[in-house]
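> Here is the input, now give the coordinates:
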Amino acid sequence: MNTTRPKDDKIIDVTCDVKGRTICVRLSGFLSEDDARRSAHLYRVATRTFAGRPHLVLADLRGLKPQSAVAAAFFGKTVAYGRENGVVCCVHLSDSIITRLQAARLASEVSGSDDITVDAASMADAERILAEKRRTLFGQ
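Residues are numbered from 1 along each chain as shown. Predicted coordinates for the structure are as follows:
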């Protein structure tokens, strides 16, 4: 598990479920430019685990505050990196409409039309969506 907990109850947690072919990203709080850089690094390391093979992402953004333009740019580059390296579906879980809109904007900026992001209403909903995607995409 790759977790760092900066000051002020920020959460940056990136884990890799190899068997489930899923990267789980948990971000919360207001992330500085350094925090965004750190989370991008952790995500890239996790992405390399799949060596370009198709995989899923669970982006648990509950508690994440809207990001500065600089931090958002890091996240946009990170989303692009994931999509260039095998992400076939990203399930977003967010409790803030502003954060959800910012994430959607970043995803659409890097992919034109964002057709692989799915918003989930709860963690149970996110897990259901991921299980369905694993069945249809990977036969799991």
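> which parts of the helix or strand hosting A73 are buried?
Assigned by DSSP states H and E, A73 belongs to helix 69-84. Buried residues in helix 69-84, counting neighbours by 16 or more other CB atoms under 10 Å, are found at 71-72, 74-76, 78-83. (Each C-beta comes from the backbone N, C-alpha and C, glycine too.)
> again with stretch 57-72
57-61, 63-65, 67, 71-72.
> Quick check, central residue of this protein?
A59 (3.5 Å; CA atoms, centre = their mean).
> so that residue, which of the three states?
strand (DSSP: H, G, I helix; E, B strand; the rest coil).
> Touching, T15 and Y43? I think so.
No - between T15 and Y43 there is no contact under CB atoms under 8 Å: 10.6 Å.
> Between those two, which contacts overlap?
Common contacts of T15 and Y43 (CB atoms under 8 Å, 6 or more residues apart in numbering): I23.
> Between the two, which has more neighbouring residues?
Just comparing T15 and Y43: by other CB atoms under 10 Å the higher neighbour count belongs to Y43, 25 against 15.
> what is the mean pLDDT for the helix or strand where that one lies?
Assigned by DSSP H and E, Y43 belongs to helix 33-48. In this model, helix 33-48 carries a mean pLDDT of 95.
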